[in-house]
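Q: could you look at this predicted model? Sequence included:
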Number of protein chains: 4
Amino acid sequence: MIKVGIVGGSGYGGGELLRLLSVHPKVKIKFVTSEKYKNLPIYFIHPNLRHLNLSFTSIKEIGEKVDLLFIALPNGVSMEYINKLIPLTKKIIDLGADFRLENEKDWFYWYQKKHQNPNLLKKFVYGLPELYREKIRKSSFVACPGCEATVSILALYPAVKENIIKENPIIIDAKMSSSQSGKNYSLATHHPERAGCVRSYAPAGHRHTAEIEMVFKKVNPKIKVDISATAIDMVRGILVTIHTFLKKEASVDEIKNIYKKYYQKEKFIRIIGQNIGIYRYPEPKILTGTNFCDIGFAIDKRSNRLVIIAAIDNLTKGTAGQAVQCMNIMYNLKEDLGLTDLGLHPI
Amino acid sequence: MIKVGIVGGSGYGGGELLRLLSVHPKVKIKFVTSEKYKNLPIYFIHPNLRHLNLSFTSIKEIGEKVDLLFIALPNGVSMEYINKLIPLTKKIIDLGADFRLENEKDWFYWYQKKHQNPNLLKKFVYGLPELYREKIRKSSFVACPGCEATVSILALYPAVKENIIKENPIIIDAKMSSSQSGKNYSLATHHPERAGCVRSYAPAGHRHTAEIEMVFKKVNPKIKVDISATAIDMVRGILVTIHTFLKKEASVDEIKNIYKKYYQKEKFIRIIGQNIGIYRYPEPKILTGTNFCDIGFAIDKRSNRLVIIAAIDNLTKGTAGQAVQCMNIMYNLKEDLGLTDLGLHPI
Amino acid sequence: MIKVGIVGGSGYGGGELLRLLSVHPKVKIKFVTSEKYKNLPIYFIHPNLRHLNLSFTSIKEIGEKVDLLFIALPNGVSMEYINKLIPLTKKIIDLGADFRLENEKDWFYWYQKKHQNPNLLKKFVYGLPELYREKIRKSSFVACPGCEATVSILALYPAVKENIIKENPIIIDAKMSSSQSGKNYSLATHHPERAGCVRSYAPAGHRHTAEIEMVFKKVNPKIKVDISATAIDMVRGILVTIHTFLKKEASVDEIKNIYKKYYQKEKFIRIIGQNIGIYRYPEPKILTGTNFCDIGFAIDKRSNRLVIIAAIDNLTKGTAGQAVQCMNIMYNLKEDLGLTDLGLHPI
Amino acid sequence: MIKVGIVGGSGYGGGELLRLLSVHPKVKIKFVTSEKYKNLPIYFIHPNLRHLNLSFTSIKEIGEKVDLLFIALPNGVSMEYINKLIPLTKKIIDLGADFRLENEKDWFYWYQKKHQNPNLLKKFVYGLPELYREKIRKSSFVACPGCEATVSILALYPAVKENIIKENPIIIDAKMSSSQSGKNYSLATHHPERAGCVRSYAPAGHRHTAEIEMVFKKVNPKIKVDISATAIDMVRGILVTIHTFLKKEASVDEIKNIYKKYYQKEKFIRIIGQNIGIYRYPEPKILTGTNFCDIGFAIDKRSNRLVIIAAIDNLTKGTAGQAVQCMNIMYNLKEDLGLTDLGLHPI
């Protein structure tokens, strides 16, 4: 059994991690920290986890070493604690943004804050299994991608790699859910204000641009992406509608075949496309609680526009599920162990 | 492996059954029927079941015998087909209303239709495991309770059995979801009309009264229940707020202790009650996809009113999950085999 | 023109008042106070009021006398300010709870706080126009009823007055929206937690019991009401399902006739009941933004239960609309002046 | 008083028209037709219109001539009836798609059906007041724009006219509500399927492309627009996020100034942009029931992308409100007569 600890377990990412790890056949949870809720039973905060007989502890009271530490702290916090945490564990998987970027300057540009621990940036592997599986397997430090970056990179990768789309514009129009803003409440997340909204909260300048371009610039330095993020009345899930332009004419079937070449062995990536029924393109709601990333396509022949549509559950494939997937790889377990939820319908 | 067939697999109950059975370790699905969608892949209708390489067949083309037949047909339809289905199987679990009531006259009173197969009524056992586990184990014909009856009976049973509440009024104020009305669409279920509604669709005369009173009249013939059902903007789930009056003063803790006595060994029943946090009483949303029935209490001392609050997922514990639970019992399997989903939070 | 001031204009009640008063043909708004948002333009907080060229001022900087002061402060706050406010105005309409109850002891019992200004309690008239129109007309101090009390009293009044229902139980099962909890945000109102909820937030002991019983005990001292309040995924609106028991058998038509006798001249009360279409009973969503209270009925013959169903918009008829209605009465204006919104469909 | 008739009054556009016209001070409604609901009271179908003492009649039984006929029939139907309707009226405002395009070939290309009445195409004026006010004033035949075209054209017009954005790509990413699909129900609009969806129903090839390009090609023949439409869980409203690229660098303030030049006198167009509060960009929910079109901007300096964000209520400014606005112009009334709803908050 892998002995794991979770630092920062009261947020939504931490809760999803607990859901997955608490029934994972190869994992034993040793501790979960929360400063705000220390000593309270976990199910007071995560009401779906009544089966877990465990309370939060303070990060200051971690008493034992573990094999693997998951860090689910707010952006900018894990880089402050990391030096104290490293001695407590053999491996670290960080769910936050602090160690995703390789470059200190980029971090400053996008997060407007000096990085506290730039030396560690190079040590962390970007935890996107479908692209970096072998690096993850060999690493002891993994930084999981942001949810919006995860779905966008997976949706674009074969097209960029095969050089079938123009380097720009690549416009990612993302439809976002409220759990993406985390557990901190404000007037903006107050139900009467947030319900029913279609809110352009980041029409330009979304931070995940940095991760996406970091990945793609290695493939093609000319790649440039533009993100616009709109919050809608949804608790979990992301849908990205990515507007790209084909270098040469192609059919949807040709595009699908290219993607299948890349993803046919991937358990969590599904190329969607059916011309009967309601669910012809990816939809986040039927992915709730699953680790799938569904990808579909439409082509506008008038302009040679290739629309790539992709959906995930931001808390599962976008956060905690991906972290467990990385863990499975790091321990040479079956990659979908503990990640076999199918999703519900209707929902 | 138990070889099962599903008759009527395109509805929401059938879909949920397929979700559960397709990953049940002791089950092999042999066929699924649908007249409307015959020959179409199952995932065209149930988009969460892309892992299932199976198409619908016509009920007329069932080619093989099975160990167990699940029937998920609309009310009034299974009683027409049942005689043709019995020879195809060793056991039957019916998810519909046709064989729930013992009494032909009651069936006519509540469903306003002459029963086509009254002789079979006595053969069927009412498939509520927490009350009739041993009968179910020995039976080959099980009729699963309606969702609203399931949650109401489980919520009331210890109180009625222990004779702590007045026989009437017992008012069940039920908050209902749209999946309860099934897959048949109409103007009433059209999104612009159904979204945001708080609709008194059965303020009096709800049919599940018949099942609930059938169960309780055996315990205390004076019991009478009144149901009012209100549809709200929710896809899955039921919450019942049951207004009863205590015969003698009691505290919430005393009530909880009585209920724990009845339900402490039940894997799917949880007595809820915490005075910290948001989820102090049962809530359906965190039960989505689970087989749990959560029950909680409040007492109004001014009037000696005991409010019993209970929640389920109508498609899981209220329909397909309960059917699988019955199957597990009938085959002496672990009762929660294939029914271990924890629920999601946030959702 | 009536010169009005609004004390406490940044909440939802204050915002709705501003919406109504800003286009009322007989009103001139002189000032609106908010400590938190002072000096900010009103439309920053109330984005639907971009036509209003007005900023918030501090209560300490009110510089001019008005004819009428609306107070829309949190419960327990207006009784602290009231002595300073009285000299500034000829008349006061308070939208909060502080002056609704006639009896100091009742206030303490329900609000668990000593009343700071008990002498004023007798001066205030309970501002429910359909019952106390003439008192309101003659008064200079009006305390508008709570939203849940408004709809419940209007729904029950003719039945109580005509003595056709038993004095108890009278069970008010209320379905509540998020705007009822006001503008203060917390984890409980955070969108991921509050969306999709069916939350028993006050299954017993709701404070509006005090107002309802205060009104009805004058008609029949034996009347006792029990409230259970459940929060659902709705921003505006209340639906009450009131379970009562008839003293003698009656038909829905007979009940309707009794109610019509009381309410036929009331512009804002509509007796609903149609046997075709979807909207057969009252529904809050189609009352959004209107001052209507819709009332309908169902009878359960098996138990002689009369179910009274009533709906309002909690911010309009339940708060600000009713306050404007009171103002119109106090100034001998047409009672629906400025209150003619019809409601939207679909919505 | 203008005597009006409405042909096709049972749909959502017809209902909204009835809401607006029934309280319009210069209008007298003479008849409303519906074949499906003929002889039924209007409020059975439009439950917000209980004040209207009027029933539907059949189109075959129209007995009197009117000054103005509104046609709110499904696409492809009004062109069949139009010849019979012209003799009954002096003027026509058509809310459907049949007479929006000037060119018969374009109609065939986008609607895949031969136009039945191509000679009339040139007679109709495109009823977008902000662009074609004077033509509308002089015309007797007005075809109101589609909702998605309305908001997109208004959002783009100054930028195209001033030649500040590249001619392509102009990508309109539209977030759509369920009322846009009209009153015809199907499995796709069934609440359990449609609720919570983020559905790419027209990722390419949206028909309103035709109207938008028709308008802009007159200004600049090189303009080409790409639409992707995604249905979200919303009953009323559209938000468009339009991705364009500036020819020269500009600031948001410079863009706003250009737009203000065009729209400063327009009563229904508001340039939004504030850096405090939640509602910093246009949002459809606070426009519910209003005739406003709100427009805002963001600039992505890295790519010189100008994101234009615009919102309307699809049934008001997008359909019936715009039709009433046209009527007001055609009769030289105040342009906002009967169109002064402010919108609600919270909602």
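A: Thanks, I have the structure now. Here the structure is a predicted model, which means the values were calculated and not measured. Numbers count the residues shown, from 1 in each chain, chains lettered A, B, ... in the order given.
Q: tell me how far the most centrally placed residue in chain A lies from chain C.
A: In chain A, the centroid-proximal residue (C-alpha atoms, centre = their mean) is A:Gly318; its distance is 2.4 Å. Taken as C-beta to the nearest C-beta, to the nearest Å, the spacing of A:Gly318 relative to chain C amounts to 14 Å. (Glycine included, C-beta is placed from N, CA and C.)
Q: how close does A:Gln180 sit to A:Glu148?
A: As judged by C-beta to C-beta, to the nearest Å, A:Gln180 and A:Glu148 stand 8 Å apart.
Q: cool, and A:Lys175?
A: The separation that A:Lys175 has from A:Glu148, given C-beta to C-beta, amounts to 10 Å.
Q: kindly report the same for A:Asn328.
A: The span separating A:Asn328 from A:Glu148 equals 23 Å under the rule C-beta to C-beta.
Q: those two: who's more crowded?
A: Here A:Asn328 and A:Glu148 are set side by side on neighbour count (other C-beta atoms under 10 Å in any protein chain shown), and the busier one is A:Glu148, at 26 against 23.
Q: tally of neighbours for the closest residue to A:Ser55 other than its chain neighbours?
A: If the residues on either side of it in the chain are set aside, A:Ser55 comes closest to A:Pro41, at 5.2 Å by C-beta to C-beta, 6 or more residues apart in numbering or on different chains. When neighbours are counted by other C-beta under 10 Å, A:Pro41 registers 18.
Q: wouldn't A:Pro41 be in contact with A:Leu54 here?
A: Yes. Between A:Pro41 and A:Leu54 there is a contact at 7.4 Å, judged by C-beta atoms under 8 Å.
Q: for the residue in the stretch 151-300 of chain A that chain B sits nearest to, what are its contacts?
A: Closest approach of the stretch 151-300 of chain A to chain B (C-beta to the nearest C-beta) occurs at A:Tyr279, with a separation of 3.7 Å. Remark: with contacts taken as C-beta atoms under 8 Å, 6 or more residues apart in numbering or on different chains, A:Tyr279 is in contact with A:272, A:286, B:47.
Q: could you look up the SS state of it?
A: The three-state assignment at A:Tyr279 reads coil, by DSSP: H, G, I helix; E, B strand; the rest coil.
Q: from D:Thr230, how far out is it?
A: The span separating A:Tyr279 from D:Thr230 equals 14 Å under the rule C-beta to C-beta.
Q: cool, A:Ile242 as well?
A: As judged by C-beta to C-beta, A:Ile242 and D:Thr230 stand 12 Å apart.
Q: what do you get for A:Ala195?
A: Per C-beta to C-beta, A:Ala195 is found 19 Å from D:Thr230.
Q: what is the nearest of the contacts of A:Tyr279 to A:Glu254?
A: Each of those was scored against A:Glu254 by C-beta to C-beta, and A:Ile272 proved nearest at 16.1 Å.
Q: wait, isn't that closest one in contact with A:Asp294?
A: Yes. If you go by C-beta under 8 Å, A:Ile272 and A:Asp294 touch, sitting 4.9 Å apart.
Q: between these two, which has more neighbouring residues?
A: Neighbours around A:Ile272 and A:Asp294, counted as other C-beta under 10 Å, are more numerous at A:Asp294. The numbers are 30 against 20.
Q: confirm that that one sits in a strand.
A: Yes. Assigned with three-state DSSP, A:Asp294 falls within a strand.
Q: so the closest residue to it other than its chain neighbours, which state does it fall into?
A: What sits nearest to A:Asp294 in space, not counting adjacent residues and going by C-beta to C-beta, 6+ apart, is A:Pro282, at 3.5 Å. Taken by three-state DSSP, the conformation at A:Pro282 corresponds to coil.
Q: what touches both of A:Lys175 and A:Glu148?
A: Applying C-beta under 8 Å, 6+ apart, one finds that A:Lys175 and A:Glu148 are jointly contacted by A:238, A:240.
Q: and A:Ser251, how many neighbours does it have?
A: Burial of A:Ser251 is recorded as 11 neighbouring residues (other C-beta under 10 Å).
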